[in-house]
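J.: The following block contains a protein sequence and its predicted model.
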Amino acid sequence: MKKYIPHDIEPKWQQKWQKDALYSVDLDKSKNPYYLLVEFTYPSGDLHIGHWFAFAVPDILGRMKRMQGFTVFYPNGFDAFGLPAENAAIQRGIHPRDWTLSNIENMKKQFSLMGTIHDWGNSVITCLSNYYKWNQWIFLKMLEKGLAYKGKTLSNWCQHCQTVLANENVEAGNCWRCHNPVVQKEVEQWFLKITDYVQRLLWGEGGNGVDWPKALMEGQNNWIGKSQGQVIKFDGIEVFTTRQDTIFGATFIVISPEHPLLSKFVTFENKENVQKYLKSVQKKSELERKEEKVKSGVFTGSFVSNPLTGEQIPIWIADYVLMGYGTGAIMGVPAHDARDFEFAKKYDLPIKTVIQPAGHTDSPSPANQVPDQAYVLTKSKGKVLPKAGSYDLTKSKGKVLPKAGSYEGEGVMVNSGEYDGMSSNEAREKISNYLEEHHLGQRKVNYHLHDWSISRQRYWGTPIPIIYCEKCGSVPVPEKDLPVELPYEVDYHPTGKPPLATNEAWLNVKCPRCLGSAKRDTETMDTFVDSSWYFLRYLDNKNDQEIVSSKRLRTWMPIDIYFGGAEHTLGHTLYSRFFVKFLKDIGVVDFEEYAKKRVNHGVILGSDGSRMSKSRGNVVNPDEQVRQFGADAVRLYLAFIGPYDIVSPWNPSAINGVYHFLQRVWSLYDKIASIGNKLSSEDLRIMHKTIKKVTEDLEDIKFNTAVAVLMEWLNYLSRKENVTREEYKTYLLLLAPFAPHITEELWSFDKVYTERTCGECSRTSRSAQDQQIWSIHQQSWPIFDKQYLEEAEVAVIVQVNGRLRDILMIQKDILNDKEAVEKLARASQKVAKYLDGQTVKKVIHVSGKLINFVV
RNA sequence: GGCCAGGUGGCGGAAUGGUAUACGCGGUAGUCUCAAAAACUACUAGUCGCAAGGCUGUGAGGGUUCGACUCCCUCCCUGGCCACCA
């Protein structure tokens, strides 16, 4: 037989599959629909190995599902708006649209090398107006419901990109795209009120009825950051706290530098100091503010009274209190909050202990003591070890000694009037009730999640469908006028002026209400809007009447399995859940969660163990690998490299291993017996065991072990004298999802193919229908039969005191007979050696597994 | 600082209470060959032993169990994400 040369067979079959439209899906007529989705890609222009990992490996699951009789819809598209297009265009002088569209063409070609079942007829490209029209439509619907609003806030501003960034796009104080520092700037912009959906976005105990990774659900819940507390009035200032029980220890108030009532509290004598401080704060970027080790602040000169103690306590301004969370003001409880402690120590503010760790009431009561003698504690996983005296954070024999500081745990109330002696938990309830009864505070649930700012001062995005009229104010573009097309002719170079404002013809419009002269909104939407609902549009990409037909939604949604990167835990997957919940509320969809199962994939690192990057020179080019080993080997390698969700380095010699494996499969063809051999019971057992394991492993997203059992079976088959047609055929069918090209080629060889057509169809002539069924990928997935899995003899382990002493082959019919097995075990010399002269106290028998003598 | 995921041969990993190291890579030896490559065959956790066989071994220490990589407790280390969340 000729040699296995991937390059000779892969393009051939890819063309044939395409010609016969083998994988095309009719979205209206589909039995057993199965929606397989992988996060779509940004059209950077070049497909890297990560794309292969993301798309080619789930394709294995999709192919098995197809063979199992499902209609598998595996669409692909491009998340085509965004800054890189603009940046690249600026650098190379190509228009962002041209750059993006030509990248898409190139990447589609590269995608075709993978041999996936992708259906490009139902593709989506977000930068085309038949797509982003519906971004605008959703925006208008949200506006109608009061969920889109214009607000003015301090925002992350990238000086270099001249744009506002969401918190998620600020990495360590730098812009995620250009890596320049991000500063705080007050900007007016559009927000989507995601905070209205926090309750529904929080994941419940049962995972909201869907199978999503635990880590992702926990990550989202942490990000939403629900905390139950109370807003408490200290005269004119409202503070937010979750520790009402510490209120007797509140010895000062801190307000944020951006606090709206700030000027009210600054006394004449302190004005200069405060102004100086505020100026220094403004100069700091987010990065500097976060990295600052030492807290800083300034006294306003004013005092308020503590509602429970009646004491007059000073109001300070400090930038460790953020305007964006709670009320922008806190009560400073230095004895029980590390940040307040640090602040109090620096400015010599009183520290008053009001909670002692339970069981340590005999320790010195440290009320009102000076900071250096503070009650010093170290926390050790929930347990508290009190220590008197003061320590510094010094290392001594490798151990870190406890640091002087605050005790933040629960305990027993002290120095708190009538609450003394209560548990802090109980006191928290009592104090909350007292404050509410006296109208001094209200319980409140606070969230860390902010509304989603979607305005971007950039060109390459969806125009916001709003018109500003001098008379009517801001007027939404009427639905019939959608889409608001993104103009081609603009100056998109960063000048500080929004690019869309540079096209006068586009900018100036008539007000839809009064027909007077008006101007369009010149900003574009965050690209996360585009990716928040694209999976719906795949189902109906040409529909210009509605976002997606409800019939197709009913057939296909929710998505059966959604693969993507773990880095989208806090961005894309959260936003898209929000969008889907909104679309449910306006009656577009009828489900609450859009994907039944979510799988996070891992990352392929360079062979040096660090992230692939051009500067490190460790980038693996998939096209190059395909040239060398073929697409099948690359697919198989990526499936075999390890568990699908881990981070693993590229191993250049391991791909040789799977290539070698495919060659062995190829040459196994020569071992097919010309005369039909009978399968032994062992042959059958191994075959059915393999079918079972491959099927179950693919279902469980364990691609690596599925490949391993196929290798094991190949090792078994290679050791045999002859391989029967049945075995070989089954082997190819099981391997087909992993290596679609080589299996198609081998399937097409007469011996295998004829056997199928003659054996199962007609012996005389092939019917027309049969001629259409030519591909291995149109065959049914093998089904295992339980009866073949059992062995006539089972290996039973014999242990003495839990140590392995012998392995016996026991006939199936006496497996459950403890006495018979025990007798056989005792007869073994290897076992008898250890039982000689010993009294057997106990015999443990696990049927079909082991027998253990306890002496 | 918080949360999460991990720690198993020379390497990637397998095994989630019952033969630890499947499968693959790498390595060693052999077959074939004028030779090399490829392919094939055997071996490949450590240690003692000529062998039969024994002992040790899944980050460290303890516990539960007839039996622990697996469950529980304490600790160490690595990676990821979030981080002045009041």
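T.: Structure received.
J.: tally of neighbours for the residue of the stretch 451-600 of chain A found nearest RNA strand B?
T.: The minimum distance from the stretch 451-600 of chain A to RNA strand B, using CB to the nearest atom of the strand, falls at A:Leu570 (5.8 Å). Where you see a C-beta, it was placed from the backbone N, CA and C, and this is true even at glycine. With neighbours defined by other CB atoms under 10 Å, the count for A:Leu570 comes to 18.
J.: Please apply the same query to the one 10 residues further on.
T.: Counted with other CB under 10 Å, the burial measure for A:Val580 works out to 23 neighbours.
J.: tell me the contacts of the residue lying closest to A:Leu735 once chain neighbours are set aside?
T.: Excluding the flanking residues, the one nearest A:Leu735 by CB to CB, 6 or more residues apart in numbering is A:Thr743, at 5.2 Å. Residues near A:Thr743 by CB atoms under 8 Å, 6 or more residues apart in numbering: A:732-733, A:735-736, A:776.
J.: Quick check: the farthest pair among the residues you listed?
T.: Maximum pairwise distance among those (CB to CB): 9.3 Å, between A:Leu735 and A:Ile776.
J.: Phi, psi for A:Leu734 please.
T.: A:Leu734 adopts backbone torsions of phi -70, psi -30, taken as degrees, to the nearest 10.
J.: what residues are up against it?
T.: Contacts of A:Leu734 by CB under 8 Å, 6+ apart are A:690-691, A:694, A:710, A:782.
J.: if I look at it, how far off is A:Glu592?
T.: Going from A:Leu734 to A:Glu592 by CB to CB, to the nearest Å gives 37 Å.
J.: swap in A:Met422?
T.: Noted for A:Met422: a distance of 42 Å to A:Glu592, by CB to CB.
J.: Looking at the two, which has the bigger crowd around it?
T.: Neighbour totals were compared for A:Met422 and A:Glu592, and A:Met422 leads with 17 against 14 (other CB under 10 Å).
J.: List phi and psi for that one.
T.: Note on A:Met422: backbone dihedrals following degrees, to the nearest 10 are phi -80, psi 160.
J.: Read off the pLDDT value for it.
T.: A:Met422 carries a pLDDT value of 87.
J.: wouldn't it be in contact with A:Lys430 here?
T.: Yes. In this structure A:Met422 lies within contact range of A:Lys430 using CB atoms under 8 Å: 7.1 Å.
J.: Let me see the residues that make contact with whichever strand or helix holds A:Thr300.
T.: Here A:Thr300, judged by DSSP states H and E, is contained in strand A:297-305. By CB under 8 Å, 6+ apart, the residues outside strand A:297-305 that reach it are A:234-237, A:253-255, A:262, A:265-270, A:273-274, A:276-277, A:311-320, A:343, A:347.
J.: Please convert the buried members of these into ChimeraX selection syntax.
T.: Restricted to buried positions by 16 or more other CB atoms under 10 Å, the ChimeraX selection for these reads:
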select /A:234,237,253,254,255,262,265,266,270,274,277,313,314,315,316,317,318,319,320,343,347
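J.: Show me the contacts of strand A:297-305 that map onto strands.
T.: Within the contacts of strand A:297-305, residues falling in strands by DSSP state E are A:234, A:237, A:253-255, A:312-318.
J.: Can I get the strand holding A:Thr300 as CSV, trimmed to CA atoms?
T.: Taking Å, rounded to 0.1, in the frame of the first residue of the first chain, the C-alpha atoms of strand A:297-305 are listed here in CSV:
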residue,chain,number,x,y,z
GLY,A,297,-5.8,62.0,53.8
VAL,A,298,-6.6,65.4,55.1
PHE,A,299,-8.8,66.7,58.0
THR,A,300,-11.8,68.8,56.9
GLY,A,301,-12.1,70.7,60.2
SER,A,302,-15.6,69.5,60.9
PHE,A,303,-17.0,67.0,63.3
VAL,A,304,-20.2,64.9,63.4
SER,A,305,-21.6,62.9,66.3
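J.: I appreciate the help and will end here.
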